[in-house]
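Participant: Give me a 3D structure for the following:
(2 chains)
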Amino acid sequence: MAVITGTNWNAYDASTMTAREIYGRTLAALAEGNDKIVGLTADLEKTTAIKFFADKFPDRFFNVGIAEQNMLGIAAGLAKAGLIPFASTMAVFACLRAGEQLRTDIAYQNLPVKIIATHAGISFGHAGTTHHCTEDFAILRAIPNMTVICPADGIETSKAVQACVDTPGPVYIRIGRGFEPPCYENDDYTYEIGKAITMREGTDLTIICCGIAVLQAVNAARTLAENDGLSVRVINMHTIKPIDKEAILKAVSETRRILTVEEHNVLGGLGDAVASVIAESGMGCVFRKHGLQDTFAAIGYAEDLYAHYGLDANGIVDQVREMMGSEYEPDENWEDD
Amino acid sequence: MALPAQERQQLEQTAKELRLKIIDVMSWSGGAHVGGSMSIVEILTLLYFKYLNIDPENPCWEDRDRFILSKGHTAAGYIPVLAKRGYFPEDTLKTFNHFGSPFAMHPDCNKVTGCDASAGSLGHGLSMAVGLGLGAKYRKKDYKTVCLMGDGECCEGSVWEAAMSAAHFKLDNVIGIVDRNRLMIDGFTEDVMALEPFADKWRAFGWEVIEVDGHDLDAMDDALAKAWAAKGKPTLILANTIKGKGVDFMENNVVWHYASGDSALCERAKASILKG
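Facilitator: You can find the predicted model right below:
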């Protein structure tokens, strides 16, 4: 049994606690040493697990009722009062219901509000489309000043939450429902906002992914190595914006096949962010965006939906196999080895 | 209680100068929300030249009172007040709306010294005021936050989310003022989307409501004094005003919500203001 410290987590913790719980506990631990941290929610204290902070610091926690626009407007005001507000609600309400407050009150004024958005993607699949959120990357990427993060699991969620406190300006951290298995064994690795993490080296193809897709991609790469003899690189692009261009171009240059995987519409998300970097570089490669193909998701439990949309290891293996059948055109002008 | 004669005279003079400046800004900028700028002149004059505890030499002073112009489209009425109060030279107002200017139709707090909040999308200011009020309470600061809204703005649902929360959190350090000029872009508020019984709505949301003539300096002074002394709940000053106030041909006429003017028109407007 792990000892709950608040800022250090391992795979046991991440498999017995949701990413949300780890977030709430991390925030409570951080606030211990930082009286500028304040918390907000819109009647989702328990659901977003900010309750762990709220219980410890009731004098600096504000539940505004079911009013997400007001929550983010108030967060902007609290930031103006010199504080570091953490606001939590479901992703779809944060970026759509309160989208203008996010853009105009928080990002335009460049305030250090941290939005920890839960139930993102299709993680709350059985709730139906009203509670899915497969648009947030697209919306937030287009908002200046905004940092957009999608951690791979609970362990990385804690890392991201710790890292965002001192990041100037607004930060959006997207987590799911958090019942997925952990990706990391422990938190003994360097995490830097905007710096991608290579989970596995490879030379035949690179999977660039984020969130729940990271573990699935790692598992897919293992299967592909064992069964197909393929060497697949896996890059955890936990920060969607600012995106790590260097890691992308290195992967293009060294593997020449890029597959992006995200729990998001393929329009405007991680795949498009990666595609832009590649297109502007002038390099060519075999490229595919894997995710929700511009469709609202079906109803179902998350794991069934992940299987249905091929966001699990099997689905990713299929994508890679198809891509290995495609050829790229070698270009002698490439500055690679 | 009436203002002392000399103070009153000074404030009246300031208000008159600010009205003239709005006409200048309308001319320099190529167009401005002149009607709603004229209706808030006395409110802003009392706030910036009597009530707000601010220091133009130290615009980011942590303990200053905050002011949010939630009806951000009337920057033409607001920015000249900041200039007159000494935050930047009045001469710079000539750049209004021009390329690279800090001054636009709607205020940007990261560009305009002394401006506490960017605003323009209606219905956003009061939530920010609630945040500032909560922040002040948590940090045990005594400053007040004043949020000036338009009446038409109160069609926005977010105003009422904020109103509900200010009362819930017992924010007696938040003061709302509604510029009740009864006109919005498409006509009279009561024709476009009725607000009445307006004061009762605010009362029902838990606010102390003071209704005043928003152009009567004595009455506004009295209302602000009461709001400043509030205990236990937020105060809403429902300031009954006249859109276009001070320019006879603009008063209570929706045409002057937004306008531009040639030099002849500006001279006519100024003559009307000077005639008082």
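Participant: Could you list the low-pLDDT ranges of chain A?
Facilitator: A:1-5, A:329-337 (pLDDT under 70).
Participant: Might you name the residue of it sitting closest to chain B?
Facilitator: Distances between chain A and chain B by C-beta to the nearest C-beta are smallest at residue A:77, namely 1.9 Å. From N, CA and C alone the C-beta is placed, and that goes for glycine too.
Participant: just checking, that residue touches residue B:126?
Facilitator: No. With contact defined as C-beta atoms under 8 Å, residue A:77 does not reach residue B:126; the gap is 9.4 Å.
Participant: what about whatever residue of the stretch 101-250 of chain B ends up closest to chain A, how many neighbours?
Facilitator: In the stretch 101-250 of chain B, no residue comes nearer to chain A than residue B:131, which is 1.9 Å away by C-beta to the nearest C-beta. Residue B:131 has 34 neighbouring residues, counting by other C-beta atoms under 10 Å in any protein chain shown.
Participant: Same check on residue A:16?
Facilitator: Neighbour number of residue A:16 under other C-beta under 10 Å is 12.
Participant: List the contacts of the helix or strand harbouring residue B:212.
Facilitator: Here residue B:212 is covered by strand B:208-213, with elements defined by DSSP states H and E. With contacts defined as C-beta atoms under 8 Å, 6 or more residues apart in numbering or on different chains, strand B:208-213 is touched by B:199, B:202-203, B:219-220, B:222-223, B:226-227, B:230, B:233-240.
Participant: Can I have the buried ones of those as a ChimeraX selection?
Facilitator: Selecting the buried subset of the contacts of strand B:208-213 in ChimeraX, with 16 or more other C-beta atoms under 10 Å in any protein chain shown as the burial test, is done by:
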select /B:199,202,219,220,222,223,227,230,233,234,235,236,237,238,239,240
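Participant: Direction included, what does the strand holding residue B:212 pair up with?
Facilitator: Using DSSP bridges, strand B:208-213 pairs in its sheet with strand B:235-240 (parallel).
Participant: For the partner strand, output the C-alpha coordinates as CSV.
Facilitator: C-alpha atoms of strand B:235-240 as CSV (Å, rounded to 0.1, in the frame of the first residue of the first chain):
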residue,chain,number,x,y,z
THR,B,235,-25.5,46.8,-3.2
LEU,B,236,-27.0,47.6,-6.6
ILE,B,237,-27.4,51.2,-7.6
LEU,B,238,-30.1,51.4,-10.2
ALA,B,239,-29.2,54.7,-11.8
ASN,B,240,-32.0,56.1,-13.9
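Participant: Would you mind checking the average pLDDT for that strand?
Facilitator: Mean pLDDT, strand B:235-240: 98.
Participant: Same check on stretch B:244-264?
Facilitator: In this model, stretch B:244-264 has an average pLDDT of 95.
Participant: Quick one: residues in contact with that stretch.
Facilitator: With C-beta under 8 Å, 6+ apart, stretch B:244-264 has contacts from B:16, B:19, B:23, B:26-27, B:30-36, B:38-39, B:41, B:73, B:182-188, B:215, B:242-243, B:268-269, B:272-273, B:275-276.
Participant: Quick one, which of the residues you listed are buried?
Facilitator: B:16, B:19, B:23, B:26-27, B:31-36, B:38-39, B:41, B:73, B:182-184, B:215, B:242-243, B:268-269, B:272-273.
Participant: Just those: which are in strands?
Facilitator: Those of the buried ones among the contacts of stretch B:244-264 mapping onto strands are B:183, B:184, per DSSP state E.
Participant: ok, then the element right after the strand or helix carrying the residue of chain A closest to chain B?
Facilitator: According to DSSP H and E, residue A:77 maps onto helix A:68-80. Next helix or strand after helix A:68-80 toward the C-terminus (DSSP H and E): strand A:84-90.
Participant: what separates the next helix or strand after that next one from the chain centre, distance-wise?
Facilitator: Using DSSP H and E, the helix or strand that follows strand A:84-90 in sequence is helix A:91-92. Mean-position distance between helix A:91-92 and its chain equals 13 Å (C-alpha atoms, centre = their mean, to the nearest Å).
Participant: who touches helix A:91-92?
Facilitator: A:117, A:118, A:119, A:120, A:121, A:130, A:131, A:132, A:133, A:135, A:136, A:174.
Participant: in the strand holding residue B:212, what counts as buried?
Facilitator: B:208, B:209, B:210, B:211, B:212.
Participant: Which elements pack onto the helix or strand that comes right after it?
Facilitator: Going down the chain from strand B:208-213, the next helix or strand is helix B:217-228, by DSSP H and E. Applying 3 or more C-beta pairs under 8 Å, 6 or more residues apart in numbering or on different chains; DSSP states H and E, we find helix B:217-228 packed against helix B:5-29, helix B:41-46, strand B:174-180, strand B:208-213, strand B:235-240.
Participant: Please produce CSV containing the ones you listed, extended by distance to residue A:245.
Facilitator: Converted to CSV, the helices and strands packed on helix B:217-228 look like this (distance: least, C-beta to C-beta, whole Å):
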stretch, distance to residue A:245
helix B:5-29, 41
helix B:41-46, 48
strand B:174-180, 45
strand B:208-213, 56
strand B:235-240, 51
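Participant: secondary structure element for residue A:278?
Facilitator: Assigned by DSSP H and E, residue A:278 falls in helix A:270-281.
Participant: got the residues of the stretch 101-250 of chain A near chain B?
Facilitator: Within the stretch 101-250 of chain A, the residues that sit near chain B (C-beta under 8 Å from any C-beta of the partner chain) are A:101, A:104, A:105, A:108, A:109, A:110.
Participant: and if we set it to 10 Å?
Facilitator: The stretch 101-250 of chain A comes close to chain B at residues A:101, A:103, A:104, A:105, A:108, A:109, A:110, A:111, A:113, as judged by C-beta under 10 Å from any C-beta of the partner chain.
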